[in-house]
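A.B. asks: 3D, please:
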Amino acid sequence: MLVLSRRTNESIIINGNITITVLEIRGDHIRIGIDAPRDISIHREEIHAELAKANQDATSTRAEDVAKLPRPAPRPAG
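C.D. replies: Have a look, this model is predicted:
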């Protein structure tokens with residue numbers, strides 16, 4: 001992990017198109033601003049974890065759920 005020190009109103013540039021700026025330092029809270037292209041998702045860590053879990057839950061299939069699905073109608077012989 002790269003560790004950098006910044007003061008209020010100082011920035012870090014990532015990949016030439018993402019700017020992270022320290023806006024305010026108050027006690028143990030730091031406000032940052034992030035300027036990035038719209039196609040880059042930016043989430044707080046806890047939100048990212050919730051999204052990942054929701055995606056995993058949505059894609060998991062249990063055998064008992066599959067058993068409850070209606071069976072397709074038989075095709076006529078032909």
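A.B. asks: state the distance from the closest residue to Glu24 other than its chain neighbours to Arg44.
C.D. replies: With sequence-adjacent residues excluded and distances taken as C-beta to C-beta, 6 or more residues apart in numbering, Glu24 is closest to Arg31, at 4.2 Å. Quick note: C-beta positions are derived from backbone N, CA and C, even for glycine. Distance of Arg31 to Arg44, given as C-beta to C-beta, to the nearest Å: 13 Å.
A.B. asks: ditto for Pro74
C.D. replies: 52 Å.
A.B. asks: over to Ile34?
C.D. replies: 11 Å.
A.B. asks: neighbour count: those two, which is higher?
C.D. replies: Taking other C-beta atoms under 10 Å, Ile34 and Arg44 do not tie; Ile34 has more neighbours (11 against 8).
A.B. asks: was I right to think that one contacts Ile14?
C.D. replies: No. Judged on C-beta atoms under 8 Å, Ile34 makes no contact with Ile14 at a distance of 9.5 Å.
A.B. asks: common neighbours of the two, please.
C.D. replies: Ile20 (C-beta atoms under 8 Å, 6 or more residues apart in numbering).
A.B. asks: just the strands in the protein please.
C.D. replies: Per DSSP state E, the chain carries strands over the ranges 11-14, 18-26, 29-35.
A.B. asks: using TSV, lay out the ones you listed together with distance to Leu69 and mean pLDDT.
C.D. replies: Below are the strands of the chain laid out as TSV (distance: least, C-beta to C-beta, whole Å; pLDDT from 0 to 100):
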stretch	distance to Leu69	mean pLDDT
strand 11-14	46	98
strand 18-26	44	97
strand 29-35	44	97
